[in-house]
Structures are given as C-alpha cells and as structure tokens.
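1. this is the structure alone, sequence omitted:
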C-alpha cells in the first residue's frame, strides 16, 4: 500500500473524437522524474483494471517522483462514447495521443508509455507517432499477433476427476454459471476424446493486428533509441507466437538494439492479471522499467 | 457538459470519512433538481461488471431531471487505499456521498440504488436517513452467509480453471483464520469485510418497510428468487409499495470474456435494467404489481 501523503490525485477530461475521456493524474509531492501514461487492458469495466492494478501502479510510481496519468478508454468507466467490443486490430491510438498531449501541456515534455494487455497493443501502435517525446515503452502481457494454437492451461482430465471428487467442489454445482462452465468443459473433453476437435482454439487474425505491423513499430522504436520492454508471463498464451517471432526477427532485433529492446518472461500467468501474484509482478516489472528507462534516456 | 443531452457529468475526489473518495456527479443543466440518487456499487469483481450499467443509469436519470452520485468506496477503484474495510465503512462512505450530493445540488429528496452487496449498503443507509424515498435493488445479496458461499464457489472454480495453484481451496473462514486476506479470482477478500457481512440479512436491514421498493433480478430464466418474493410480500403486508421483477441479463458476475481471442466483448450493458429503473424512479405513482 502506498502512502497517500506522498502524492495527490486529480481528474481531467481528454478531448477525443468519441467525446471526453476520463484521466486521473497522480502527482508526486516531491517530483523526481518524468511522466508516465498507463494504458489499461480491455477485459474490465473500468481503467482501474482487475483489483485496481493501475491505481496501485500509478501511486507506486508517484512515490518515486513520477507524474502518472491513467485513463478509462472511450465507452468504458467514466468516459463518454460507445464500446461494444475490444478489437486488437483497432487499438486506441488517438486516446494515447490525447494523454501524451495532456501531459505535455502540463509541462511534461517526455513520457513513458506503459500498457497492459490490450493497452500494450494500443501503446505500441501509438508509440511511433510520439518517439521524440518518449522516455520508454513498457508492454506488459503484450498480445503478440500470430496464428497459432493457444497453449492449454487447464488441469488434466485426471486432475479434473480428482477435483470432482472433492466434496467442497460439489457445492459449486448449486451455481448456474458453474454448471454452465462444467458442462462446457465436459463437452470439450468428450469431443476431444472422440477425435472431434475441441482442442486448442486457433486465433483468427484480423487485418491490422498482424506481425508485420508489430515488427515495423518495434524497429521504429529501436531506431529512434526508445528503450522498450516486452514482458510476458510464462503461462501467457502468446509465448508460442513470441517464439516464432524470436526466430524470425525479434532475437536479431534485440541483439541489434544493444539493450534498448528487452524481452522478459516471468514465472507467473500475467495475462488478465488473474492472480494477486501476477498483479504484484506487473507492478514490480513496470516500476523497475520506468526507473531504468528514465536513467537510460538521461544518458 | 454533454451538449446533446443537456446534462453535466463531473468526476472528482471528495473528502470521505477515511481518505478521499472518487465521486461522479451527473445532473441536469438548468432548473435545480429536487431528487438526488445515490448509486451504491457492488464490491470486488462485481463492481467492474456493473460499472457501465450504473453509468448509463446515471446519464438517463440526469436527462430526466435527477442529480445522481456514483462513487468508489474506500479501498476500491480510484478511491484512496484502505485496509480492513468493513460493511459499516461501506455504509459510511455511501452516507458521505449522499451528504456531498445534497450539499452540492441542494436536492431535497434522496433515492438509493444498490447492486449485489451494494443493495445491502443502500438498505442500511436508508435505515439511517429520513430523506430517502424510493429504493431500487439490482440482484441484491439477500444474506451475507449465502454471498460468502458464492465467493467460495468462485474460488473453487478458479482452481478448476487452473488460475490458482495453491492446492485445495479451504473454506473462506478457515483460510481467513490463517491469513488477513484470501484471494478470489485475483481479488483480495479481507478478513474484516468477511466478518462484517457474514451475519447480514437484507430483510432485517429493510425493516421496517417504508417508501417504495423495486427489486430487479438479473438472470436468463426471468425468475425472481423465493427470498426476494418473500421480502416484497412482507413490504406489501406492511402497507408499503413493493415489486420484484426479472430482467433478461444472463451474465456471470465473476467470469467474463474469454482471454483467448483477438476481440472480446465489453461488459454487457443493461438497457432493460436501466429502462425499468428509470421508469420506476421517474413515474409519479409507484408501481405495485
């Protein structure tokens, strides 16, 4: 828990084509660094992310002297506009730009972009338009584009049978949403055992969310000297895609970048930040990167 | 200001009983509103799931001349961090927001809306204030013990989905005897909150019946739970106006979109839920069907 006495928070409205978008700006009482824009993920009803991941990260960064802006995407939380689905092929570039502009107007000429999940996709898509203002970019649980089967994360069939024998689990059958989940799992297992599919699901890759765009953007950042972090969890479903890209170009780009582009894999399941451990890791990783990036840029 | 709907929407941090609270106020532009609405949100993952519905409800009510306050309780959302938050703390925060709404908009009557555990907060706040009229409850938690059993099931389900790897899930009370918090699908349930809600009973909180009550159940079966029906019957027997209706909104509170797709849905909006609530709160004669 961070100490409220070390920072203040205010709200602001960012103008966008969708209407005003809410930003919350955390300002350190003793500024000692640059500014940071936090780009939220897309599964949660607000820009706070699961279990207020982003307010916690913002306040942690503020205790280290950074001014931090977090926002609700349009149609989400307090922001105006409509949003029915998050499409990785349509990152929210304009909103990231509005956040960078807002901080620039407040006197922060340079910023670090930190994006999580869908927000990482938006941060990377927006970054090339702002390279001259960037201290760094951190992409946490970045949804790597590719057409590959997802890694099966579920428990084994034997493990499932063992769980089913647990009297405590039988209590959950009273819950309709639990029953639906169990029916779906059993149906999938049954189909798979009959050789009727039901295995790992293939991504459909829409245009615009493609490996070529990712490569181009990363090369642009490296070329412009912007320190960039791509952090993953060891159970993230994107690792298969990442492995392919490492072979085809990423490892070479990392080498060529001389430390500017860093790939990190952490021993948690970062995607969706579904556990407290994943959230703690994300906060640590992002905080450390902002610190590192600002030092690197200062040099 | 929203120029198309002639309403204003402000979001700010206001002083609360313990630290600053994030509060959003929606109000009509023009004549001063007479009725103020305080929206008491659910807690943990349910708060995010319901967020946009509450936002839409507030916009719709402001368009019809009401002032509406929504807020994040201490330790939740953008509000200041807090540990050991209890049910009483949640009610105190709601009370502070109600005071803020009255002070800033000069409304003379209050209406309370609460969802899930927030319904209990609204019911408890109604018992403290005499300026509260109508009460709307969305899928209310009717018993603290039943709610905690639901949370326990969610915890077991996350085990089944392989999201936690901490061995067999203990019962919540046993786990909380060992630790201050227990993890439920990436959220931390605090021992203090657990202890403060396990004996809560919505019927007791709503006693004595007073004013008008609308309970909206959200499920795909379009059914009203038996305990909610009994609650409504008790209000009617005491001469108060009360009704319970079901709206078709079959969305799990804790488990949302798949994590494994290139596109995923934003939380469902509740057009019917909002429309019925607005209808109830803006009609001159309360429904009593």
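-> Great, that's in hand. Note that the structure is a prediction, hence the values are computed from the model and not measured. Residues are numbered from 1 along each chain as shown, chains lettered A, B, ... in the order given.
2. okay, now residue B:276: neighbour count?
-> Residues contacting residue B:276 under the criterion other CB atoms under 10 Å in any protein chain shown number 18. For every residue, glycine as well, the C-beta is placed using N, CA and C.
3. list the contacts of it.
-> Residue B:276 makes contacts with B:214, B:216, B:245, B:247, as judged by CB atoms under 8 Å, 6 or more residues apart in numbering or on different chains.
4. please, where are all the helices along chain A?
-> A:53-63, A:93-105, A:118-126, A:157-164, A:167-170, A:176-193, A:211-223, A:239-245, A:251-257, A:276-298 (DSSP state H).
5. columns mean neighbour count and mean pLDDT on top of those, output as CSV?
-> Below are the helices of chain A laid out as CSV (neighbours: other CB atoms under 10 Å in any protein chain shown; pLDDT from 0 to 100):
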stretch, mean neighbour count, mean pLDDT
helix A:53-63, 25, 97
helix A:93-105, 20, 97
helix A:118-126, 27, 95
helix A:157-164, 13, 68
helix A:167-170, 13, 61
helix A:176-193, 14, 69
helix A:211-223, 17, 93
helix A:239-245, 18, 89
helix A:251-257, 15, 96
helix A:276-298, 19, 88
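6. would you turn these into a markdown table with distance to residue B:6?
-> Output for the helices of chain A, formatted as a markdown table (distance: least, CB to CB, whole Å):
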| stretch | distance to residue B:6 |
| --- | --- |
| helix A:53-63 | 32 |
| helix A:93-105 | 25 |
| helix A:118-126 | 32 |
| helix A:157-164 | 55 |
| helix A:167-170 | 53 |
| helix A:176-193 | 40 |
| helix A:211-223 | 42 |
| helix A:239-245 | 49 |
| helix A:251-257 | 53 |
| helix A:276-298 | 41 |
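7. between the ones you listed, which gets nearest to chain B?
-> helix A:176-193 (4.0 Å; CB to the nearest CB).
8. average pLDDT for the helix or strand hosting residue B:100?
-> Using DSSP states H and E, residue B:100 sits within helix B:87-105. Helix B:87-105 carries an average pLDDT of 97.
9. does that helix reach chain A?
-> No: with CB under 8 Å from any CB of the partner chain as the criterion, chain A is not reached by helix B:87-105; the gap is at least 15.0 Å.
10. can you tell me what sits against that helix?
-> Contacts to helix B:87-105, defined as CB under 8 Å, 6+ apart, come from residues B:14-18, B:21, B:23, B:25, B:27, B:32-33, B:36, B:38, B:40, B:43, B:67, B:69, B:71, B:73-74, B:79, B:82, B:107, B:110, B:117-118, B:120-122, B:124-125, B:128-129, B:131, B:193, B:196-197, B:200.
11. near chain B, anything from stretch A:14-31?
-> Yes: judged by CB under 8 Å from any CB, stretch A:14-31 comes into contact with chain B at A:19, A:22, A:24.
12. got the buried residues for that stretch?
-> The neighbour-count check on stretch A:14-31 (16 or more other CB atoms under 10 Å in any protein chain shown) flags A:14, A:16, A:18-28 as buried.
13. try stretch A:130-138
-> Of the residues in stretch A:130-138, those buried (16+ other CB under 10 Å) are A:130, A:133, A:134, A:135, A:136, A:137, A:138.
14. how deep is the nearest residue to the third one once chain neighbours are set aside tucked in, by neighbour count?
-> This means residue A:134. Residue nearest to residue A:134 in three dimensions, not counting chain neighbours: residue A:226, with 4.8 Å by CB to CB, 6 or more residues apart in numbering or on different chains. Neighbourhood size, residue A:226 [other CB under 10 Å]: 27.
15. and residue A:226, its phi and psi?
-> phi -100, psi 120 (degrees, to the nearest 10).
16. likewise residue A:110?
-> Dihedral angles for residue A:110 - degrees, to the nearest 10 - are phi -130, psi 140.
17. contacts only, for residue A:217.
-> A:124, A:125, A:127, A:128.
18. ok, the third one touching residue A:224?
-> No: between residue A:127 and residue A:224 there is no contact, the gap being 9.1 Å when judged by CB atoms under 8 Å.
19. which neighbours do the two share?
-> Both residue A:127 and residue A:224 are contacted by residue A:134, under the criterion CB under 8 Å, 6+ apart.
20. quick one: which of the two has more around it?
-> residue A:127 (26 against 15).
21. now do the contacts for the more buried one.
-> Contacts of residue A:127 (CB under 8 Å, 6+ apart): A:113, A:134, A:137, A:217, A:220, A:221, A:226.
22. make TSV out of those and add distance to residue A:289.
-> Converted to TSV, the contacts of residue A:127 look like this (distance: CB to CB, whole Å):
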residue	distance to residue A:289
A:113	11
A:134	13
A:137	9
A:217	18
A:220	19
A:221	14
A:226	12
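23. these: which two are farthest apart?
-> By the measure CB to CB, A:113 and A:220 form the most distant pair in the contacts of residue A:127, at 13.4 Å.
24. and the contacts of residue B:276, which of them are buried?
-> B:214, B:216, B:245, B:247.
25. what sits up against the helix or strand that contains the third one?
-> Translated: residue B:245. Element membership for residue B:245, per DSSP H and E: strand B:241-247. Contacts of strand B:241-247 with the rest of the structure, by CB under 8 Å, 6+ apart, involve B:209, B:211-219, B:221-224, B:228-229, B:231-232, B:235-236, B:270, B:272-273, B:276, B:286-289.
26. which residue, neighbours along the chain excluded, lies closest to residue B:50?
-> Here the residue nearest residue B:50, using CB to CB, 6+ apart, is residue B:115, at 5.1 Å.
27. neighbours of that neighbour, how many?
-> Around residue B:115 there are 30 residues (other CB under 10 Å).
28. list the contacts of it.
-> B:40, B:41, B:42, B:46, B:50, B:54, B:137, B:138, B:139, B:140.
29. return the per-residue confidence for it.
-> 97.
30. could you pull up phi and psi at it?
-> Here is the backbone geometry of residue B:115 (degrees, to the nearest 10): phi -120, psi 140.
31. is it in a bridge, and if so with what?
-> Here residue B:115 sits in beta bridges with residue B:138, going by DSSP bridges.
32. sorry, back to before: so what are the sheet partners of the strand holding residue B:245 and their directions?
-> strand B:212-218 (parallel).
33. report the angle between the axes of the very next helix or strand once past the strand it pairs with and strand B:241-247?
-> Using DSSP H and E, the helix or strand that follows strand B:212-218 in sequence is helix B:226-237. Going by axes from the mean of the first three to the mean of the last three CA atoms, to 10 degrees, helix B:226-237 is angled at 150 degrees with respect to strand B:241-247.
34. now helix B:226-237: buried residues?
-> Per 16+ other CB under 10 Å, helix B:226-237 contains these buried residues: B:228, B:231, B:232, B:234, B:235.
35. what's that helix in contact with?
-> Residues from elsewhere that reach helix B:226-237 (CB under 8 Å, 6+ apart): B:140, B:142-143, B:202-203, B:206, B:209, B:213, B:215, B:217, B:241-244, B:288.
36. go through those residues and say which is closest to residue A:40.
-> Distances from residue A:40 to the contacts of helix B:226-237, taken by CB to CB, are shortest for residue B:140, at 29.3 Å.
37. please name the residues that touch the closest one.
-> Residue B:140 neighbours (CB under 8 Å, 6+ apart): B:114, B:115, B:116, B:119, B:120, B:123, B:202, B:215, B:228.
38. does it sit in a helix or strand, and which one?
-> For residue B:140, there is no host helix or strand (DSSP H and E).
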